[in-house]
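A.B. asks: The sequence and its predicted three-dimensional model are supplied below.
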Amino acid sequence: MRHKQDEGVWLVDTHAHLDFPELSGDLDGVFQRCHAAGVRLIVTIGIDEKTSRAAVELSRRYPQVYATVGLHPHGARRLSNRDLEHFERLAAEPKVVALGEMGLDYYRDRQPRPLQRLCLEQQLELAVRCRKPAVFHIREAHEDFLKIVTPYVERLQPSVLHCFSGDWDMAVRCLDLGFYLSIPGTVTYKNAWEQQRVVRMAPLDRLLVETDAPYLTPVPFRGKPNEPSYVRYTAEKIAELRGCLFEEVARATTRNAHRVFGWANDGRTQE
Ligand SMILES: [Zn+2]
Ligand SMILES: [Zn+2]
């Protein structure tokens, strides 16, 4: 898939939920504000069968939208062959760029942990089979995650830890496995010391930016619903933390997104 890139720098929101009511009611407005903020591509994320189908629909309708399909750990269950076939069929759509979000959430712990682990494994198999990267949602479960994912790494496309919330040691272990760390708006919060440390120390060619809209709204809009155009505040904060220019962060994270999601033009024309 090719994207013409004109001059200037622009951003990719690598993780949003455009089908959620906070956003879906005013998509034209959402896209207009993206345009004004220089956010040109959005990856909208499936969390179950219904939202995965909605994500694919949105990607068909809007040129700037790409999709993922998968089952969130909050809905974890033993996937039947029928479920897996369904996700596999959706994953074959040309604008589906990854499987997920899949993972382990021991913070909210809404599903039994063994079931969460099984559901992650089943989707990892699927990602390998479909030759697409995975988008991981991992909260307070990084050790178990590493145990499960490590045997897959050889066969799995370089994948993404969305809303990376681990400490620097965990970041190093994930980077060593070839993963990308996606940074959300929480990095703008005053008490986000550990996340800010990760952002300062990680190699820039392994960072992505995301909103997780409508959640995790960055400063200065904290408390209001989040939207993809606000990913700019996250990129600006990363530049501030690293002591570099915003343009450098925008170019690098956009180039990284192209690499991960297999978009043909990897952003080099921006240089
Ligand atoms: Zn998530
Ligand atoms: Zn999400």
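C.D. replies: Arrived safely, thanks for sending. Ligands and ions are numbered 1, 2, ... in the order given.
A.B. asks: In contact with whichever residue of the stretch 101-250 of the chain sits closest to ligand 2: list those residues for me.
C.D. replies: Going by C-beta to the ion, ligand 2 is nearest to residue 212 of the stretch 101-250 of the chain, at 4.8 Å. Every residue, glycine included, has its C-beta placed from N, CA and C. For residue 212, the contacting residues are 15, 16, 17, 162, 163, 184, 185, 226, by C-beta atoms under 8 Å, 6 or more residues apart in numbering.
A.B. asks: So which of the residues you listed are in strands?
C.D. replies: Mapping those onto strands (DSSP state E) picks out 15, 16, 162.
A.B. asks: on that earlier part again, closest one of the contacts of residue 212 to residue 257?
C.D. replies: Of all those, residue 257 sits closest to residue 15, with 10.4 Å by C-beta to C-beta.
A.B. asks: if I pick that closest one, what's in contact with it?
C.D. replies: Per C-beta under 8 Å, 6+ apart, neighbours of residue 15: 43, 45, 101, 135, 162, 163, 182, 184, 210, 211, 212.
A.B. asks: Residue 239 against residue 249, yeah?
C.D. replies: Yes - assessed by C-beta atoms under 8 Å, residue 239 is found in contact with residue 249 at 4.6 Å.
A.B. asks: Give me the more crowded residue out of those two.
C.D. replies: residue 249 (26 against 17; other C-beta atoms under 10 Å).
A.B. asks: Please identify the helix or strand for that one.
C.D. replies: In this assignment (DSSP states H and E), residue 249 forms part of helix 246-261.
A.B. asks: pLDDT of that helix, averaged?
C.D. replies: Per-residue pLDDT values over helix 246-261 give a mean of 97.
A.B. asks: hmm, who's touching that helix?
C.D. replies: Helix 246-261 is touched from outside by 9-12, 14, 38, 41, 43, 66, 97-98, 133, 157-160, 180, 204-209, 235-236, 238-239, 242, 263-268, 270-271, with contacts defined as C-beta under 8 Å, 6+ apart.
A.B. asks: if we look at ligand 2, which of the contacts of residue 212 are close to it?
C.D. replies: By C-beta under 5 Å from the ion, no member of the contacts of residue 212 lies near ligand 2.
A.B. asks: Can you check the distance spanned by stretch 35-53, start to finish?
C.D. replies: The straight-line separation of the ends of stretch 35-53 (C-alpha to C-alpha, to the nearest Å) is 25 Å.
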